[in-house]
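> no FASTA, just this:
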(Lines give C-alpha, C1' and ligand atoms only; values in the text may rest on other atoms or scores of the structure.)
Protein backbone atom coordinates (compact mmCIF):
# COMPACT_ATOMS: atom_id res chain seq x y z
CA UNK A 1 0.00 0.00 0.00
CA UNK A 2 1.44 3.40 -1.03
CA UNK A 3 0.71 6.40 1.18
CA UNK A 4 0.08 9.75 -0.46
CA UNK A 5 2.81 12.23 0.54
CA UNK A 6 2.82 15.86 -0.52
CA UNK A 7 5.96 16.72 -2.53
CA UNK A 8 8.61 18.61 -0.61
CA UNK A 9 10.55 21.63 -1.93
CA UNK A 10 13.59 19.42 -2.54
CA UNK A 11 11.53 16.96 -4.55
CA UNK A 12 9.91 19.77 -6.52
CA UNK A 13 13.31 21.24 -7.27
CA UNK A 14 14.67 17.86 -8.35
CA UNK A 15 11.63 17.27 -10.55
CA UNK A 16 12.03 20.72 -12.10
CA UNK A 17 15.71 20.06 -12.80
CA UNK A 18 14.89 16.68 -14.30
CA UNK A 19 12.18 18.22 -16.47
CA UNK A 20 14.56 20.96 -17.58
CA UNK A 21 17.20 18.42 -18.46
CA UNK A 22 14.62 16.28 -20.23
CA UNK A 23 13.46 19.32 -22.20
CA UNK A 24 17.06 20.20 -23.09
CA UNK A 25 17.62 16.59 -24.02
CA UNK A 26 14.54 16.58 -26.24
CA UNK A 27 15.57 19.89 -27.79
CA UNK A 28 19.02 18.55 -28.45
CA UNK A 29 17.57 15.34 -29.83
CA UNK A 30 15.32 17.35 -32.11
CA UNK A 31 18.26 19.47 -33.20
CA UNK A 32 20.37 16.40 -33.76
CA UNK A 33 17.60 14.71 -35.68
CA UNK A 34 17.23 17.80 -37.81
CA UNK A 35 20.95 17.85 -38.33
CA UNK A 36 20.95 14.16 -39.18
CA UNK A 37 18.15 14.75 -41.67
CA UNK A 38 20.09 17.56 -43.23
CA UNK A 39 23.16 15.41 -43.37
CA UNK A 40 21.21 12.62 -44.95
CA UNK A 41 19.89 15.00 -47.55
CA UNK A 42 23.40 16.14 -48.19
CA UNK A 43 24.47 12.54 -48.65
CA UNK A 44 22.42 12.43 -51.77
CA UNK A 45 24.48 15.20 -53.29
CA UNK A 46 28.00 13.91 -52.84
CA UNK A 47 29.60 10.81 -51.40
CA UNK A 48 32.52 12.65 -49.84
CA UNK A 49 30.22 14.92 -47.97
CA UNK A 50 28.18 11.88 -47.00
CA UNK A 51 31.15 10.28 -45.23
CA UNK A 52 31.85 13.47 -43.32
CA UNK A 53 28.21 13.87 -42.42
CA UNK A 54 28.07 10.27 -41.22
CA UNK A 55 31.01 10.90 -38.94
CA UNK A 56 29.28 13.99 -37.56
CA UNK A 57 26.09 11.98 -37.11
CA UNK A 58 27.97 9.31 -35.18
CA UNK A 59 29.54 11.96 -33.01
CA UNK A 60 26.15 13.52 -32.42
CA UNK A 61 24.71 10.12 -31.51
CA UNK A 62 27.55 9.56 -29.03
CA UNK A 63 26.84 12.95 -27.48
CA UNK A 64 23.17 12.04 -27.33
CA UNK A 65 23.94 8.81 -25.47
CA UNK A 66 26.22 10.69 -23.11
CA UNK A 67 23.50 13.23 -22.39
CA UNK A 68 21.05 10.39 -21.76
CA UNK A 69 23.45 8.81 -19.27
CA UNK A 70 23.90 12.16 -17.51
CA UNK A 71 20.13 12.61 -17.25
CA UNK A 72 19.71 9.08 -15.91
CA UNK A 73 22.46 9.58 -13.34
CA UNK A 74 20.90 12.87 -12.26
CA UNK A 75 17.54 11.21 -11.79
CA UNK A 76 19.14 8.41 -9.74
CA UNK A 77 20.95 10.95 -7.58
CA UNK A 78 17.71 12.86 -7.03
CA UNK A 79 15.87 9.67 -6.03
CA UNK A 80 18.68 8.69 -3.65
CA UNK A 81 18.69 12.17 -2.11
CA UNK A 82 14.93 11.99 -1.53
CA UNK A 83 15.27 8.56 0.11
CA UNK A 84 18.01 9.86 2.41
CA UNK A 85 15.88 12.89 3.25
CA UNK A 86 12.88 10.68 4.11
CA UNK A 87 15.08 8.44 6.27
CA UNK A 88 16.50 11.45 8.11
CA UNK A 89 12.97 12.80 8.64
CA UNK A 90 11.85 9.43 10.09
CA UNK A 91 14.88 9.36 12.41
CA UNK A 92 14.07 12.89 13.55
CA UNK A 93 10.47 11.88 14.28
CA UNK A 94 11.65 8.90 16.37
CA UNK A 95 14.07 11.09 18.29
CA UNK A 96 11.28 13.62 18.95
CA UNK A 97 8.99 10.88 20.29
CA UNK A 98 11.75 9.52 22.56
CA UNK A 99 12.51 13.03 23.82
CA UNK A 100 8.82 13.67 24.56
CA UNK A 101 8.60 10.38 26.46
CA UNK A 102 11.70 11.24 28.50
CA UNK A 103 10.29 14.69 29.33
CA UNK A 104 6.99 13.13 30.46
CA UNK A 105 8.81 10.62 32.68
CA UNK A 106 10.94 13.40 34.21
CA UNK A 107 7.83 15.49 34.90
CA UNK A 108 6.10 12.50 36.53
CA UNK A 109 9.16 11.85 38.71
CA UNK A 110 9.23 15.50 39.81
CA UNK A 111 5.52 15.39 40.66
CA UNK A 112 5.99 12.16 42.65
CA UNK A 113 8.92 13.73 44.51
CA UNK A 114 6.92 16.83 45.46
CA UNK A 115 3.93 14.65 46.43
CA UNK A 116 6.12 12.54 48.74
CA UNK A 117 7.64 15.65 50.30
CA UNK A 118 4.18 17.05 51.01
CA UNK A 119 3.10 13.72 52.53
CA UNK A 120 6.21 13.60 54.73
CA UNK A 121 5.52 17.15 55.93
CA UNK A 122 1.88 16.28 56.64
CA UNK A 123 2.83 13.11 58.51
CA UNK A 124 5.44 15.00 60.53
CA UNK A 125 2.87 17.64 61.50
CA UNK A 126 0.39 14.93 62.51
CA UNK A 127 3.09 13.16 64.54
CA UNK A 128 3.92 16.41 66.34
CA UNK A 129 0.24 16.95 67.06
CA UNK A 130 -0.13 13.43 68.47
CA UNK A 131 2.97 13.88 70.62
CA UNK A 132 1.60 17.16 71.94
CA UNK A 133 -1.71 15.45 72.68
CA UNK A 134 0.08 12.62 74.52
CA UNK A 135 2.06 15.17 76.53
CA UNK A 136 -1.13 17.03 77.40
CA UNK A 137 -2.93 13.85 78.47
CA UNK A 138 0.10 12.77 80.50
CA UNK A 139 0.13 16.11 82.28
CA UNK A 140 -3.60 15.82 82.98
CA UNK A 141 -3.07 12.29 84.29
CA UNK A 142 -0.27 13.44 86.59
CA UNK A 143 -2.47 16.27 87.86
CA UNK A 144 -5.36 13.85 88.38
CA UNK A 145 -3.06 11.44 90.21
CA UNK A 146 -1.78 14.19 92.50
CA UNK A 147 -5.33 15.35 93.13
CA UNK A 148 -6.37 11.77 93.89
CA UNK A 149 -3.50 11.37 96.33
CA UNK A 150 -4.42 14.60 98.08
CA UNK A 151 -8.09 13.65 98.10
CA UNK A 152 -7.25 10.20 99.46
CA UNK A 153 -5.19 11.67 102.26
CA UNK A 154 -7.93 14.13 103.11
CA UNK A 155 -10.62 11.41 102.86
CA UNK A 156 -8.68 9.04 105.11
CA UNK A 157 -8.29 11.77 107.73
CA UNK A 158 -11.99 12.59 107.57
CA UNK A 159 -12.98 8.91 107.76
CA UNK A 160 -10.70 8.33 110.72
CA UNK A 161 -12.13 11.33 112.52
CA UNK A 162 -15.70 10.21 111.79
CA UNK A 163 -15.02 6.64 112.94
CA UNK A 164 -13.43 7.86 116.12
CA UNK A 165 -16.35 10.14 116.83
CA UNK A 166 -18.89 7.37 116.23
CA UNK A 167 -16.97 4.94 118.41
CA UNK A 168 -16.77 7.34 121.31
CA UNK A 169 -20.41 8.44 121.00
CA UNK A 170 -22.16 5.02 120.97
CA UNK A 171 -20.33 2.49 123.12
CA UNK A 172 -23.29 1.86 125.46
CA UNK A 173 -25.76 1.25 122.64
CA UNK A 174 -23.64 -1.44 121.12
CA UNK A 175 -23.15 -3.19 124.41
CA UNK A 176 -26.83 -2.98 125.40
CA UNK A 177 -28.30 -4.23 122.09
CA UNK A 178 -26.98 -7.69 121.14
CA UNK A 179 -28.41 -7.33 117.64
CA UNK A 180 -25.92 -4.53 116.93
CA UNK A 181 -22.88 -6.43 118.10
CA UNK A 182 -22.16 -7.94 114.66
CA UNK A 183 -22.83 -4.85 112.54
CA UNK A 184 -19.19 -4.03 112.04
CA UNK A 185 -18.43 -7.61 111.09
CA UNK A 186 -21.29 -8.23 108.68
CA UNK A 187 -21.27 -4.76 107.02
CA UNK A 188 -19.58 -4.58 103.61
CA UNK A 189 -16.11 -3.10 103.47
CA UNK A 190 -16.35 0.35 101.82
CA UNK A 191 -13.38 2.11 100.33
CA UNK A 192 -12.99 5.77 100.98
CA UNK A 193 -13.33 8.13 98.00
CA UNK A 194 -9.64 8.93 98.20
CA UNK A 195 -8.60 5.27 98.16
CA UNK A 196 -10.86 4.55 95.17
CA UNK A 197 -9.40 7.53 93.30
CA UNK A 198 -5.87 6.28 93.96
CA UNK A 199 -6.77 2.84 92.63
CA UNK A 200 -8.37 4.35 89.52
CA UNK A 201 -5.34 6.54 88.84
CA UNK A 202 -2.93 3.62 89.29
CA UNK A 203 -5.00 1.46 86.94
CA UNK A 204 -5.08 4.25 84.32
CA UNK A 205 -1.28 4.64 84.59
CA UNK A 206 -0.81 0.91 84.00
CA UNK A 207 -3.14 0.89 81.00
CA UNK A 208 -1.57 3.99 79.40
CA UNK A 209 0.69 2.99 76.43
CA UNK A 210 4.41 3.67 76.87
CA UNK A 211 5.53 7.09 75.63
CA UNK A 212 7.78 7.04 72.60
CA UNK A 213 10.78 9.32 72.54
CA UNK A 214 10.99 12.19 70.03
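Yes, it's here. Fair warning: this is a prediction, and the values are worked out from it, not measured in the lab.

> make it CA atoms for all contacts and neighbour counts henceforth
Will do.

> got the residue ranges for the helices in this structure?
For the chain, the helices defined by DSSP state H occupy 9-43, 47-169, 171-176, 183-186, 193-207.

> Out of the ones you listed, which gets the lowest mean score?
For those, mean pLDDT drops lowest on helix 183-186, to a mean of 41.

> and this structure, what are its domains?
With domains defined by automatic domain parsing, the chain comprises 9-94, 131-207.

> Give me the neighbour count for residue 39.
Other residues lying near residue 39 total 19 when counted by other C-alpha atoms under 10 Å.

> which non-adjacent residue is nearest it?
residue 53 (5.4 Å; C-alpha to C-alpha, 6 or more residues apart in numbering).

> Report the separation between that neighbour and residue 41.
Per C-alpha to C-alpha, to the nearest Å, residue 53 is found 10 Å from residue 41.

> if you count what's nearby, which of the two comes out ahead?
Just comparing residue 53 and residue 41: by other C-alpha under 10 Å the higher neighbour count belongs to residue 53, 20 against 13.

> Make sure that one is actually in contact with residue 37.
No: taking contacts as C-alpha atoms under 8 Å, residue 53 lies outside contact range of residue 37: 10.1 Å.

> what's near enough to touch residue 74?
Residue 74 is in contact with residue 18, counting by C-alpha atoms under 8 Å, 6 or more residues apart in numbering.

> quick one: it from residue 15, how far?
In this view, residue 74 and residue 15 are 10 Å apart by C-alpha to C-alpha.

> Quick one: residues in contact with stretch 25-33.
57, 60-61, 64, 67-68.

> Could you measure from residue 19 over to residue 95?
Distance, residue 19 to residue 95, using C-alpha to C-alpha: 36 Å.

> Same question for residue 59.
Distance, residue 59 to residue 95, using C-alpha to C-alpha: 54 Å.

> Residue 70 now?
Taken as C-alpha to C-alpha, the span from residue 70 to residue 95 is 37 Å.

> before we move on, what about residue 32?
Residue 32 is 53 Å from residue 95, by C-alpha to C-alpha.

> Which one's more surrounded, the two?
A side-by-side neighbour count of residue 32 and residue 95, using other C-alpha under 10 Å, places residue 32 first with 18 against 12.

> now the more buried one: how far from residue 17?
The value you get for residue 32 to residue 17, if C-alpha to C-alpha is used, is 22 Å.

> do residue 34 as well
For residue 34, the distance to residue 17 equals 25 Å [C-alpha to C-alpha].

> When those two are compared, which one has more neighbours?
Per other C-alpha under 10 Å, whichever of residue 34 and residue 17 has more neighbours is residue 17, with 16 against 12.

> any idea how far the more buried one is from residue 77?
From residue 17 across to residue 77, the span is 12 Å (C-alpha to C-alpha).

> now swap in residue 104 and tell me
As for residue 104, its distance to residue 77 is 41 Å (criterion: C-alpha to C-alpha).

> can you pull the buried residues of stretch 69-78?
Neighbour-count burial for stretch 69-78 flags 71, 74-75, 78 (criterion: 16 or more other C-alpha atoms under 10 Å).

> Dump the residues you listed into JSON lines; add distance to residue 90 as well.
Below are the buried residues of stretch 69-78 laid out as JSON lines (distance: C-alpha to C-alpha, whole Å):
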{"residue": "71", "distance to residue 90": "29"}
{"residue": "74", "distance to residue 90": "24"}
{"residue": "75", "distance to residue 90": "23"}
{"residue": "78", "distance to residue 90": "18"}
